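Asker: Got a sequence here, can you build the structure:
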Amino acid sequence: MSKAKIGAFALATLLLSPLAVQQAHAESFCVPGPDDRPEGPLQGALPQSVLDAGPFAGQWCGMRQVGQNPLLADPVAPSTVALPRGSFGDVQLFGHCAYASMRDPSNLALATTGTAVLDVRVPSNPIWLKTLRTPAMQRAYSALEIQQHYLVGAFKDFGPGTGNPFDIYDLSGGCLDQDQPKFLSTTNTASGNHDGWLTPDTSTYYGIPFGARPGQSSDIRVNPNRIDVHVLDLTDKANPKQLFTWNRNKLPQEVRDRLVPARNFHDISTNDDGTRLYLALYGGNNALGGNDANGAGRCSNGMLILDSTQVARRTPGPNGYELPYVSFTSWCDPKNDPVFHFYDADFDDGSTAAAHATEYVIHENGKPYVVTTDESAAGLDGKFDQICLQRTFGRLIDISDETHPRVVSTFKPDIGKPENCTRIVTEQLNGGMIHYIGFDDRYKMRLVFYAGANYGIRVVDFRDPNHPKEIAYYKAPSVATTRAGDNDFTRPDPRWDTGNCMLYTGWNQGGLRILELTDPEYNACMRRAVDGGGWLAGKGKNKTNFGLEAARANGGRGTLAGNVELNDRDANVKIHIDKLTSLGSVRDACGAILPTANAVQINGTGTFNGAPATFRVCVEEGGEQGRDKADRIYVTCTAGCSYTREGMPEGGNITVTQRP
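Answerer: Below you'll find the predicted structure:
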């Protein structure tokens, strides 16, 4: 039977199942605001009719775009249109700089091919400063990591020829100067790098190959020496050294036999001290997984935990470094299995998707968890006639007892639930999959940010670990190069900047996008309050007096109110702002005031010398935290007048309070 007939038969079987007639129960709790453009009644769905009607205008709820840089390549002759430089890889943040890698396809000869370095001091206008083009950074994809002030990148999968380049940079000097960040070294890893992990102490890099070089088999039963994990010692950043390699043949026999049918691992991370590894096994009888044609690997997908204490402490055993087995959790273990402990009826026999990502977090309740995602060919396609053939979920796994991990909850958007398949096909509703992940705070996690391939960024509140709820989403509008009938694809792990409460992520066609949540319950920067007054020096004895107060009621979650007064005698200017329209992190140009935890931007309307006008006011509390150990104020007219004043008050005081 052909693949097409097999797929059609599987879909028909699913549509006739009892699950298909059940009613959907949406998990979205996002209440659209006045500027939102919400999706339809089925959570996560995007009707094909909307895409076919013309360029997709985007859909969002509880989120908005702050800024974008499309990261376009050089124009390609004879076209006059600047094209995307290649599909997005990953994004990382350090200070006021963002680093965006590439996946593929990409033209290694283009000057724009590599890891883009962006100045994000003004989030509404991120500026592409330079491109890192050392060997690994040309195509670093997901193996782009930052810990402390070090950036590492490894060439996606297998590099040119026989090399697998790996680069290290020092970010302590920022990115604004011509010679920064500082390149430290390049070396080769023992195998390919589809994904990777730099330990928090920056001393160890773990790399994950995917597939095999031409002429080699990725099947460990055929190639028993294939590498599943390779390890670099980065103690000396100028001279990285290969430490050892590992593959699943070293697992206990019972576990090994179950895992060998799967071709690849896909992702890896560690706990904070580096003594545990969490690996995603890319099992499942999946078109992307490369498993047994007879489906023998259908339940080899899931999370593997290994003990990496020897590596973290650099104390090899008598046989060298080892990674002792701790546990394996499959996504489709049968009920009452004495060894493996998880079963999900919606996932059925697990034959349709592969574990994609694993990330260690500490919940705000103090317990350790691993958050995981899946991948499937149908999810990557996202089309209504494919998506029901494969099921992908997000999981929160309690690892308090690491020998018996417990799946506490799964996040399943309605578009991914089996009971909705009849409607999905009938109404031609496209979807996607829970793919990449980020967090508001890895060590006090409440929110998880999913880059949902083909259906945008999805924000899920895990305050109650047993009952996750989606509270916001953002599907980006089409850009000039988005193909007709399609929508753009979001790929990298989203990165949350706690200092300015903004999310940095990317779309294959749309480049880097910076987003923010619009509900102060989830955006702590909107709960800030500002109060103060004083004067700025003028000519002679003249002074510019100012006073301001702004806050939301109900502890920062209610109605915004306040006012700003400024009297500049030298310029003969009187400003009165009595209607505040927004308060939050600094997002626009405010002179020397940058988006930090002790700064606030206020937008509002009022009068300029008695005439209607609109304004932007930014303030920064100096105190012991401030850059200059002095307060600062910036006021500019954005409509109805032309005036800007900035300075550090010579008298008075400004207080910025972050409310919990």
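
Asker: pLDDT value on Glu375, please?
Answerer: pLDDT recorded at Glu375 is 89.

Asker: Roughly how far does it sit from Asn563?
Answerer: 52 Å (Cβ to Cβ, to the nearest Å). Where C-beta positions appear, they are placed from N, C-alpha and C, glycine not excepted.

Asker: more crowded one of these two?
Answerer: More crowded of Glu375 and Asn563, by other Cβ atoms under 10 Å: Glu375, with 28 against 16.

Asker: Touching, the more buried one and Ala353? I think so.
Answerer: Yes. With contact defined as Cβ atoms under 8 Å, Glu375 counts as touching Ala353 (6.6 Å).

Asker: what are the phi and psi angles of Met526?
Answerer: Dihedral pair for Met526: phi -80, psi -10, per degrees, to the nearest 10.

Asker: how about the most centrally placed residue in the chain, what does it touch?
Answerer: Geometric centre of the chain, nearest residue: Pro494, 1.2 Å, by Cα atoms, centre = their mean. Each residue near Pro494 by Cβ atoms under 8 Å, 6 or more residues apart in numbering is listed here: 91, 436-438, 449-451, 457, 503-505.

Asker: In strands, which of those residues fall?
Answerer: Applying DSSP state E to the contacts of Pro494, the entries found in strands are 91, 436-438, 449-451, 457, 503-505.

Asker: Tell me the one of those nearest Val120?
Answerer: Nearest to Val120 among those, counting by Cβ to Cβ, is Tyr504 at 7.4 Å.

Asker: surely Asn125 meets Gly67?
Answerer: Yes. Judged on Cβ under 8 Å, Asn125 makes contact with Gly67 at a distance of 5.8 Å.

Asker: Of these two, give the one with the bigger neighbour count.
Answerer: Gly67 (21 against 16).

Asker: and that one, bridged to which residues?
Answerer: Beta-bridge partners recorded for Gly67 (DSSP bridges): Ile514.

Asker: Okay, it and Asp195: tell me how far apart.
Answerer: In terms of Cβ to Cβ, Gly67 sits 28 Å off from Asp195.

Asker: Same question for Thr481.
Answerer: 27 Å.

Asker: what's the answer for Gly591, then?
Answerer: When Gly591 is compared with Asp195 (using Cβ to Cβ), they lie 41 Å apart.

Asker: just to revisit the earlier point, mind pulling up the pLDDT for the residue nearest to the centre of the chain?
Answerer: 96.

Asker: what's the answer for the one 3 residues further on, then?
Answerer: Predicted confidence (pLDDT) at Asp497: the value is 96.

Asker: Compute the number of surrounding residues for the residue lying closest to Leu594 once chain neighbours are set aside.
Answerer: Spatial nearest neighbour of Leu594, chain neighbours left out: Arg121 (5.3 Å); criterion: Cβ to Cβ, 6 or more residues apart in numbering. Using other Cβ under 10 Å, Arg121 is surrounded by 19 other residues.

Asker: can you check Gly394 too?
Answerer: Neighbours around Gly394, by other Cβ under 10 Å: 27.

Asker: next one: the one 10 residues further on
Answerer: The tally of other residues near His404 (other Cβ under 10 Å) stands at 12.
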